[in-house]
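K.L.:
return atomic coordinates for the entry below.
(chains A and B)
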Amino acid sequence: MEIEPRNWVSRVRRFVARPAMERCENCAAALPTKHQHLIEVAGRRILCACDQCVSVLGMSERFRTILPRTNVLHNFQLSDAEWDALQIPIDMVFLFHSTVGGRSVAVYPGPAGPMESALSLDAWSHLVAANPVLGEMAPDIEALLVNRTKGAREYYRVSIDRCYALVGLIRTHWQGLSGGAEAWEAINSFFVALRAGANEPVGGCLHG
Amino acid sequence: MSNGGDKDGSAVQNVLRRLAALVEAVDGIRDATAREAARELLELTLDLHGLALARIVSILASSKDGTALTECLVSDANVKAIMLLHGLHPEEPETRLRKALAATRPHWGVRGVRVELIHVGASAALVRVHRSESSGAASDSDLRREIEEALVEAAPDLDDIIIEGLNEARLAEITAVAV
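P.N.:
Next up, the predicted model:
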């Protein structure tokens, strides 16, 4: 997840640092910097894709087109007790409905990649009842992103590529048990960018 | 651009504005081969000069009057811009932002405006604006523009400076960058 550069030094640097030519992961066509993403639903794999492949594959059952989205959820109803009832072991997680399993899942960014956590379905349905916006989220491609680290109580409705950008970021920077300064620096910047509403990946996709 | 005559940095400003616009334009070229050729051309040109400049700055800094010389470099509009571009400025973005806020504090303070630096990261900074009841008639968007300009001038090497606490969303990109 990157911030749209507005300042000349960062613009020039980001332009030259861009990795050479990204390619459509389906047909290998050269991709412009701003391109769309698909998610392969079964394996939850995100692909960079050209417009043609997006329109063709997006119609299939195997793939879904990701529509970029970030909404900060103000007034989200979730008390600490209700959070404990969800039985999610860590305080940064994203939750979405998976059509593959036909149920809602919780995924959190671990040091080695995304980890799925068991989700108490009772507690989840209570959460949806208290926060109807969760019922509006499109399955597989939208998620509730929760940040309760370091005292934060932030809730976002985001497209799934943003969640996996956070996963990739943590996998890249995390060190040791508690992450290290560099990782938390990157995580802070990620959420600052999210809140500012800056949406587009720049200089290569971090969704890995 | 003439040599030596740009004391106030306005010629530099024009070049920087044009540079930023061209980078956007080239980035939008659909032909990936052409776009990549232009990108690599700029990358290698910058690398060539950047390596030499880093050596020059280092040689000057470690010479007898190193501190004074470095100060001269940083105070020259033309040189400062290039030092920022190549990451050779002796001060971190946070230091430069704090200095800019300290310098503007009295000016904004008499207008009932306080700008608080919340967070400076590798790529962005977050500030919060507090306007007192007695703060002047300037609209939130005018004030936002004014604050953005001052902070971007101090740290054009940050990707973004996010300003919270004002009502209106950012209207347009800052394209005029003073150095």
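K.L.:
now for the helix or strand that contains B:Ser58, which elements pack on it?
P.N.:
Assessed by DSSP states H and E, B:Ser58 sits inside helix B:32-61. In terms of contacts (3 or more CB pairs under 8 Å, 6 or more residues apart in numbering or on different chains; DSSP states H and E), helix B:32-61 is packed against helix A:8-17, strand A:30-31, helix B:10-27, helix B:66-75, helix B:77-85. Where C-beta positions appear, they are placed from N, C-alpha and C, glycine not excepted.
K.L.:
tell me what angle that helix forms with helix B:66-75.
P.N.:
140 degrees (axes from the mean of the first three to the mean of the last three CA atoms, to 10 degrees).
K.L.:
so what's the closest residue to A:Asp51 other than its chain neighbours up against?
P.N.:
Leaving out its chain neighbours, the residue that sits closest to A:Asp51 by CB to CB, 6 or more residues apart in numbering or on different chains is A:Gln36, at 6.8 Å. A:Gln36 makes contact with A:Cys48, A:Ala49, A:Asp51, A:Val54, A:Thr65, A:Ile66, according to CB atoms under 8 Å, 6 or more residues apart in numbering or on different chains.
K.L.:
let's go with 10 Å and repeat that
P.N.:
A:24, A:47-51, A:53-55, A:58, A:65-68, A:161 (CB atoms under 10 Å, 6 or more residues apart in numbering or on different chains).
K.L.:
beta-bridge partners for it, please?
P.N.:
A:Ala49 (DSSP bridges).
K.L.:
distance of it from chain B?
P.N.:
Taking CB to the nearest CB, to the nearest Å as the measure, A:Gln36 falls 15 Å from chain B.
K.L.:
please name the nearest non-neighbouring residue to the residue of chain A found nearest chain B.
P.N.:
Nearest residue of chain A to chain B: A:Ala30, at 3.5 Å (CB to the nearest CB). Spatial nearest neighbour of A:Ala30, chain neighbours left out: B:Ala32 (3.5 Å); criterion: CB to CB, 6+ apart.
K.L.:
the one you found: neighbour count?
P.N.:
Neighbour count of B:Ala32, defined by other CB atoms under 10 Å in any protein chain shown: 17.
K.L.:
isn't it right up against A:Ala29?
P.N.:
Yes: contact criterion CB atoms under 10 Å: B:Ala32 and A:Ala29 qualify, at 8.8 Å.
K.L.:
returning to that earlier point: of the helices and strands packed on helix B:32-61, which shows the lowest average pLDDT?
P.N.:
Mean pLDDT is lowest for strand A:30-31 among the helices and strands packed on helix B:32-61, at a mean of 80.
K.L.:
so how far is that one off the chain centroid?
P.N.:
Relative to its parent chain, strand A:30-31 has a centroid offset of 23 Å by CA atoms, centre = their mean, to the nearest Å.
K.L.:
list the helices and strands it packs on?
P.N.:
When contacts are defined as 3 or more CB pairs under 10 Å, 6 or more residues apart in numbering or on different chains; DSSP states H and E, strand A:30-31 packs onto strand A:22-23, helix B:32-61.
K.L.:
give me the pLDDT value at the closest residue to B:Val26 other than its chain neighbours.
P.N.:
Using CB to CB, 6+ apart and skipping the chain neighbours, the partner closest in space to B:Val26 is B:Ala38 (4.8 Å). On the pLDDT scale, B:Ala38 is placed at 91.
K.L.:
chain center to stretch A:182-189: distance?
P.N.:
15 Å.
K.L.:
surely A:Asn147 touches A:Cys163?
P.N.:
No: contact status for A:Asn147 versus A:Cys163: not in contact, 11.3 Å apart, counting by CB under 10 Å.
K.L.:
residues contacting A:Ala118?
P.N.:
When contacts are taken as CB under 10 Å, 6+ apart, A:Ala118 is in contact with A:Leu86, A:Gln87, A:Ile88, A:Pro89, A:Val105, A:Ala106.
K.L.:
ok, now A:Tyr156?
P.N.:
Neighbouring residues of A:Tyr156 by CB under 10 Å, 6+ apart: A:69-73, A:76, A:94, A:143-147, A:162-163, A:191, A:194-195.
K.L.:
try A:Ala186
P.N.:
With CB under 10 Å, 6+ apart, A:Ala186 has these contacts: A:Met1, A:Leu166, A:Leu169, A:Ile170, A:Thr172, A:His173, A:Trp174, A:Gly179, A:Gly180, B:Gly121, B:Ala122, B:Ser123.
K.L.:
list the buried ones in the strand or helix carrying it?
P.N.:
Element membership for A:Ala186, per DSSP H and E: helix A:181-195. Neighbour counts over helix A:181-195 (16 or more other CB atoms under 10 Å in any protein chain shown) mark A:Ala183, A:Trp184, A:Glu185, A:Ala186, A:Ile187, A:Asn188, A:Ser189, A:Phe190, A:Phe191, A:Val192, A:Ala193, A:Leu194 as buried.
K.L.:
next, the contact list for the third one, please.
P.N.:
Contacts for A:Glu185 (CB under 10 Å, 6+ apart) come out as A:His173, A:Gly179, B:His119, B:Val120, B:Gly121, B:Ala122, B:Ser123.
K.L.:
which of those are buried?
P.N.:
Neighbour counting over the contacts of A:Glu185 (16+ other CB under 10 Å) leaves A:His173, A:Gly179, B:Val120, B:Gly121, B:Ser123 as the buried ones.
K.L.:
quick one: low-confidence parts of the chain?
P.N.:
No chain specified, so I'll use chain A. In the predicted model, chain A carries pLDDT under 70 at residues A:1-6, A:18-21, A:197-208.
K.L.:
other chain: chain B
P.N.:
Checking chain B against pLDDT under 70 turns up B:1-9, B:135-136, B:168-179.
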